[in-house]
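Visitor: structure for the following, please:
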Amino acid sequence: MPMTPHQINKLRRAENLKSRIINTIGVKGVVQLAKDGILPHYIISNPITKEETMWFSSNEVNTWFSENCCRHNNGHFVQRYNFSYFNDPQYIVGANRDGVPKELLQVNELYSFPLGTVYSASGIYFLCLDKKIQYIGQSTVLSQRIHTHLTEKEKTFSHIYFITCPENQLNDLERELIKRFNPPLNGKPKNKKKIRGRYQK
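Guide: Sure thing, here's the model as predicted:
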């Protein structure tokens, strides 16, 4: 079926294609796929010189690329918070957990925040007083947030504990920890939910 003038006018050379495939395999890769008969394309012949040139439809190329080279991954949220920012084990809370709130005794990879030491990790922190959690917070830079608490002195605490957490999971983990432990300075939670991944069975 012959192409309409409108369809012909929408054809593009490989270097002018508006398609994600260009960012993936480049112009040479697009041309090679067309030469191999894999990628849909058009051949336009010069009626005088008989020279043939290769042209493409952005819509057709995008459709081909979507159907053959792209797949969707639903993804799933897993509560796995690996120790990825700290390489000094001296601050980890080990077998001797005297002074640690009972709610935190089951937390794996719990660190005692060394006041005055600068860290740049993201994570969840616990402000504690008399072996009880008073407040749970989050920060992309733990040291800065702790410094704010120390200087503002709006909350009373004697110890600070924390766990590391990727930035894109901070909100979810903080919300679930507040629901689970219900610290007095965080306000009333809506409900409690079991948290998996960081707690020993």
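
Visitor: could I get the full set of helices for this protein?
Guide: Remark: helices assigned in the chain by DSSP state H are 5-9, 20-35, 58-69, 142-152, 170-181.

Visitor: tell me the most buried of these?
Guide: helix 170-181 (a mean of 18; mean count of other C-beta atoms under 10 Å). (Each C-beta comes from the backbone N, C-alpha and C, glycine too.)

Visitor: how does the chain divide into domains?
Guide: Structural domains of the chain, as assigned by automatic domain parsing, span the residue ranges 5-69, 89-186.

Visitor: would you list the ones you listed in TSV and tack on mean pLDDT?
Guide: Below are those laid out as TSV (pLDDT from 0 to 100):
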stretch	mean pLDDT
domain 5-69	90
domain 89-186	84
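
Visitor: ok so, going back, the helices of the chain: which one's closest to Leu110?
Guide: For Leu110, the closest of those is helix 170-181, at 12.4 Å, according to C-beta to C-beta.

Visitor: what's that closest one packed up against?
Guide: strand 123-129, strand 132-139 (3 or more C-beta pairs under 8 Å, 6 or more residues apart in numbering; DSSP states H and E).

Visitor: and those as CSV, adding mean neighbour count?
Guide: Output for the helices and strands packed on helix 170-181, formatted as CSV (neighbours: other C-beta atoms under 10 Å):
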stretch, mean neighbour count
strand 123-129, 22
strand 132-139, 20
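
Visitor: just send those strands back as CSV, with distance to Val107 too.
Guide: Shown next, in CSV, are the helices and strands packed on helix 170-181 (distance: least, C-beta to C-beta, whole Å):
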stretch, distance to Val107
strand 123-129, 9
strand 132-139, 11
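
Visitor: out of those, nearest to Asn108?
Guide: Of these, nearest to Asn108 by C-beta to C-beta is strand 123-129, at 13.2 Å.

Visitor: how much space separates the residue nearest the centre of the chain from Ser122?
Guide: In the chain, the C-alpha nearest the mean C-alpha coordinate belongs to Asn168, at 4.7 Å (C-alpha atoms, centre = their mean). Going from Asn168 to Ser122 by C-beta to C-beta, to the nearest Å gives 9 Å.
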